[in-house]
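Novice: Give me a 3D structure for the following:
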Amino acid sequence: MIRLALVTLCAAAVTGVAAAAPPQLLHPASLHAKAPAVYRVAFKTTRGTFVVTVHRVWAPLGADRFYNLVRAHFFDGVTFFRVVKGFVVQFGISPDPAVSRAWQNATIKDDPVKASNTPGTITFADAGPSTRTTQVFVNLGNNASLDGQGFSPFGRVTSGMSVVDHLYGGDGEQPTNDQQQMSSQGNAFLRKHFPKLDGIVTARISS
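Specialist: A predicted model of the protein is given here:
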């Protein structure tokens, strides 16, 4: 379950020393731009590049939050900490503990579910009603059962799904249980305990 795997959240390349976070990431309330009706995000990862196409009509609040996170370079250096074949790839814990603390209570309300959690769709994870912050997951299988639980997809991987399918998943669910440590220690914890995990180098709005 996506919810059971979550805890409350207390750019250099993933394998390098993290650079100082952009100042705007320490002030979530300042990131409130309205997203375009449709936009694309190119994720350059340690495994290759994939592109997400976001449809704001599917989940306006989620699409806006994702847009602002990408524009502020939140996902640079972020690790794919949960890779469960046939289920999901989950990410969205900052490599910088100060950023994690800043976003701990920066929640957004839920969006009605308009699109199904089919393979390739991307959706915000949560810890219950109206608790979405920064974590998202890409569905690797047909997870339509999540629709009735309030998980509302806001986009879909439209290029490079083979990259997503081949992200390192040898640690299974084990890293998921250590999200508190990831939030409080950043990528230093992941490099020490789960060094094989793939991550994001950059995520940028793509024309």
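
Novice: Now do the longest helix anywhere in the chain: everything it contacts.
Specialist: The longest helix of the chain (DSSP state H) is helix 60-71. For helix 60-71, the external contacting residues (CB atoms under 8 Å, 6 or more residues apart in numbering) are 31-36, 39, 41, 54-56, 75, 108-111, 123-124, 132, 134, 136, 152, 154-155, 203-205. C-betas here are computed from N, CA, C, even on glycine.

Novice: Which of those fall in strands?
Specialist: Judged by DSSP state E, the contacts of helix 60-71 include Tyr39, Val41, Val54, His55, Thr123, Phe124, Val136, Phe154, Gly155, Ala203, Arg204, Ile205 as members of strands.

Novice: Can you give me the neighbour number for the second one?
Specialist: A total of 21 residues lie near Val41 under the criterion other CB atoms under 10 Å.

Novice: who does the residue lying closest to it once chain neighbours are set aside bridge with?
Specialist: Nearest non-adjacent residue to Val41, counting by CB to CB, 6 or more residues apart in numbering: Val52, 4.7 Å away. Judged by DSSP bridges, the bridge partners of Val52 are Val41, Val157.

Novice: In three-state terms, label Trp58 for me.
Specialist: Classification of Trp58 using DSSP: H, G, I helix; E, B strand; the rest coil returns coil.

Novice: low-confidence ranges in the protein?
Specialist: 1-20 (pLDDT under 70).

Novice: Would you state the helices of it in chain order?
Specialist: 60-71, 97-103, 161-165, 179-185, 187-193.

Novice: just to revisit the earlier point, please check the ones in strands among the contacts of helix 60-71 and keep the buried ones.
Specialist: Buried members of the ones in strands among the contacts of helix 60-71, counted by 16 or more other CB atoms under 10 Å: Tyr39, Val41, Val54, His55, Thr123, Phe124, Val136, Phe154, Gly155, Ala203.

Novice: wait, which of those residues is closest to Gln181?
Specialist: Val136 (20.1 Å; CB to CB).

Novice: Between all of the ones in strands among the contacts of helix 60-71, which two are at the greatest distance?
Specialist: Thr123 and Arg204 (20.8 Å).

Novice: wouldn't Ala29 be in contact with Asn105 here?
Specialist: No - assessed by CB atoms under 8 Å, Ala29 is found out of contact with Asn105, at 10.6 Å.
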